[in-house]
Structures are given as structure tokens and as C-alpha cells.
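[1] Below: sequence and its predicted model.
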Amino acid sequence: MELLMAHSQVTAAEALLHIQESLALESEEDFSSSDESREDSEEERLYFEKRIDPKEDFCNREPGVQLRKGDCYTPLSLFKLFFPEDAVEVLCRNTNKQAAKNIARGAKYRWMDIDVVELYQYIGLIIYMSMVRLKHISDFWRKSNIFSIPFPSQVMSRDRYRTISWNIHMSDPDEDRLNDAKRGTSEHDGLFRCKPLMNTVQNACKSFYHPHRNLAVDERMVPCRGHTSMTQYMKDKPTKWGFKLFVLADTSNGYTVDFSVYTGKNNFPTDQGLSYDSVMSLIDKGFLGSGYHVYMDNFYTSPKLFKDLYACKFGACGTYRESRKDCPRTTVNALTKKSQRGTFCWIRDDPLLFVKWMDTREVAICSTIHTAFKGDTVQRRVKSRLGIWTTESFPCPTPVIEYNKFMGGVDLSDQPI
């Protein structure tokens, strides 16, 4: 890979001295980087400032909530933006059809067709039960102890809740048979049964909010221990078992802009791999516009992905794995085990900036958005040889500062309301 324009390595002491000089503090020591490094850094700053000129950004709508300001909204009316009555009517129709099929097969329970009002009540109970945790579903209707909860029984009976749960169906049961017949082929859709509602929610996420400039892509786990081909195990997530979603979120507030469900295989095969396809499937330029900054972790980051996003006028920043194809493997951009904390080095390949920084361990990050270093520092607790803990400042590259600031968008959206 041809490396272009600039590379440099700066120790913690040198970087701190550079900060002092930029603040016009008097010092008799000379900055130890070469003149060439200073020139490259200035070229790099001008290069990136010119490239991310906000005048070239294009956005279809003003960022923020896309609702009429003069209207008043209740919690229920806001909920119905994402679960509209026409979509709930489809769920009622398919649920009633599924119940009729089950009874025809010999199911021994009494069924009354469900309507829109009752299905909203059922969904409300599900949300309520997710916030008030009890060991068993039947405990919500228990009346034999001092800890009984009166609310669920005021909404519907336990038996009615159970029969709805046994029959709730999002897709048309007759069309399910046609899709099931394709099982084992490329035409089979593992998400067929949930797509009627899932597509409605996805469209609502885009319709009623437009994101701000900084976005984050990450995985989200929806808890489920059901035995399905789509159930995933992720040991590093707080929720280890469930359905895995790839999520695009607004980092300013955690709003879910878009998502896709991982079905156990690559849903968007382009021969570039799952990490590439999962990001590109969420970047809808027709909806978003351009000029956005997308943050991601090392599962997704690759030179190919960043260059393609750059060609679409999307900046990107993320930690990276050196083993990933086309990432630089050179001593110019290398740290050693003896590198002091706060030491960093960088190298640039056209729009790609690769930075390594030594904290308690080495951090490797790639960006098409930032310059390498603007003089930022971070505070770290350090233990002296005498066993005394003190707080010290260490220089920190700009991409690392910005990554830590904006990468938590999906985690923010995972937090309980």
C-alpha cells in the first residue's frame, strides 16, 4: 500500500511541550519533532479542514424531531406513531386467523376475536411487565399474598392474556406456508413472520426524526432464549442471548435511526464481508443526505469501508485491527512495549489517518474526519514507586478523544427509559 503525505511519532513529553507552546507558555526547551513533522501536521490540518467544509454537506431535513410544532401529543399518540392503528389492524387480522387455525387443529381453549383496542392493551401489558419484573407471568395475577399487583387484572384476565400470547401473529398464516416451503433455499426469509411490524417501526424511526451529524454503528442484543436459527450468543454483551441487531444511532441522544436483524447469515452479500455490508446497509444517502460522521468499533472498521463511505461524503472513525486487509503494517506507525504512556504516532494513506496511542495498552484508530493531534490531554490516575496515587495529564490524539465522545450512541439507546 502506498503511504502518502505524512507520518510522525511523538512521545508524551514532546506532545505536552507542544501543548505548552501552542498556549504561548514560556519554555526554553525546543520541541523535539523535526521541522518536517511540523510541516506535515500543518498540511494535514489544512487538508482535513478543506475536505470537511460544511458548505458541501447536504441534508434533506433539519435535524431533530419531525413533528408539527403546533400539535399536542400524549404518550399514547406518540406510541401510535411507531405502532399505528392500520398496522395493529393487520396484527389483529392475522392473530384471529392464526387462532382459528389452531382451534381447527384441536386447541382446547375459548377464543374471541381480538380488536385494535384490546391489542393495544396487550402491548401495554408487555411493556409494563418488562418494567415490573416477576419470576412467573402468572404472578402478575396472583392475589394470595401482600405483594399482589392489581393493575394487570384490571386490563384483562390471565387466561385472556395467555390465549393472545399463544396466537399473536404478525404475518399472514397462509403466506407463512409459502415461505416455509422455501426453507433451505436462498429465497427463504427468516424474518418473514415479523416483517409486517418490523418494517412499520423502521419507517417510523426515519419519518419522525432526522439525526444530527454524529452517528454510531454497533450491535444490540434483544433478549431471547428461544430455540431459533437466529438466536445469537455474545459473551461481551450484558444481554448474552438473543437476537442480534445492527443499529445506527444518533450519538447526541441515542435515538435509533435504523436497524437490521442478523439472521445467522449475511443478509446483504456483496463479497465484502458482514462487517462491511452491515454498515453500508444502514447508510441510506437518499434519506440522510451527506456530511455525516459515522463512528464504529474494530469489528466494522476497514480501509475499504472507510474509503467507500468517504466517496459518499460520509466521514468515519473507528478502532481497527491490524490484521484487517490493507491496514498498514510498518515500523513507521508502530509502538513498542517500552513506549511511554501518552506516546502516539500516525501515518496517512490519502483520506485515511491511522493513529496509534499508548494508554495502559496500545490503542489503534482510523479516521477520515480528524487531524492527528490538536493538543488535547486526558487525565489518568498514576501510582508512583512509593505507592502514592496521583492524577497526571497525558496527550491524546484527536481521533481517540472524539471516538470516546461519540461511540456510545447505541449503548445510550439500550438504557432503560
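    Received, thanks. Residues are numbered from 1 along each chain as shown.
[2] Give me the contacts around stretch 92-107.
    Here stretch 92-107 makes contact (C-beta atoms under 8 Å, 6 or more residues apart in numbering) with 109, 111, 113-116, 119, 163-164, 166-174, 196. Bear in mind the C-beta positions are built from the backbone N, C-alpha and C, glycine included.
[3] cutoff 6 Å now
    Stretch 92-107 is contacted from outside by 111, 113, 114, 119, 167, 168, 169, 172, 173, using C-beta atoms under 6 Å, 6 or more residues apart in numbering.
[4] which intervals of the chain have sub-threshold pLDDT?
    By pLDDT under 70, the low-scoring segments of the chain are 1-60, 265-270, 416-417.
[5] Strands along that one, start to end?
    7-10, 64-65, 209-210, 214-223, 231-233, 241-250, 256-261, 293-296, 315-319, 344-349, 352-358, 362-367, 377-383, 389-395 (DSSP state E).
[6] Can you point out the buried residues in the last one?
    If I follow you right, that is strand 389-395. 394, 395 (16 or more other C-beta atoms under 10 Å).
[7] Tell me what residue 258 is bridged to.
    According to DSSP bridges, the partner residues bridging residue 258 are residue 248.
[8] quick revisit: farthest-apart pair in the contacts of stretch 92-107, please.
    111 and 172 (18.0 Å; C-beta to C-beta).
[9] Among the contacts of stretch 92-107, which one sits closest to residue 72?
    For those, the nearest to residue 72 is residue 119 (24.8 Å; C-beta to C-beta).
[10] Could you list which residues are in contact with that closest one?
    With C-beta under 6 Å, 6+ apart, residue 119 has these contacts: 88, 92.
[11] let's see it at 8 Å
    88, 91, 92, 95, 164 are the contacts of residue 119 under C-beta under 8 Å, 6+ apart.
[12] and the gap between the fourth one and residue 303?
    What that stands for is residue 95. The span separating residue 95 from residue 303 equals 49 Å under the rule C-beta to C-beta, to the nearest Å.
[13] same question, residue 94
    46 Å.
[14] Next: residue 334.
    18 Å.
[15] ok, the two, which is more surrounded?
    Neighbour tally, residue 334 and residue 303, criterion other C-beta atoms under 10 Å: the higher count belongs to residue 303, 21 against 15.
[16] And the residue nearest to that one when sequence neighbours are not counted, how close does it get to residue 209?
    Excluding its sequence neighbours, the residue lying closest to residue 303 (C-beta to C-beta, 6 or more residues apart in numbering) is residue 326, at 4.1 Å. Going from residue 326 to residue 209 by C-beta to C-beta gives 35 Å.
[17] Between these two, point out the one with more neighbours.
    Using other C-beta under 10 Å, the more surrounded residue of residue 326 and residue 209 is residue 209, with 20 against 13.
[18] Wait, the more buried one touches residue 258, no?
    No: assessed by C-beta atoms under 8 Å, residue 209 is found out of contact with residue 258, at 10.8 Å.
[19] Look up how far residue 296 lies from residue 246.
    10 Å.
[20] Show me the common contact partners of these two, please.
    Common contact partners of residue 246 and residue 296 (C-beta under 8 Å, 6+ apart): 217, 218, 279.
[21] Let me know the closest of the contacts of residue 119 to residue 263.
    Looking across those and measuring by C-beta to C-beta, the closest to residue 263 is residue 91, at 21.5 Å.
[22] ok, the closest one touching residue 168?
    Yes: Residue 91 lies in contact with residue 168 (C-beta under 8 Å); the separation is 7.4 Å.
[23] between those two, who's got more neighbours?
    Each of residue 91 and residue 168 has its neighbours counted (other C-beta under 10 Å); residue 91 has more, 22 against 18.
[24] which non-adjacent residue is nearest residue 164?
    Once flanking residues are discounted, residue 164 sits nearest to residue 122: 5.3 Å by C-beta to C-beta, 6+ apart.
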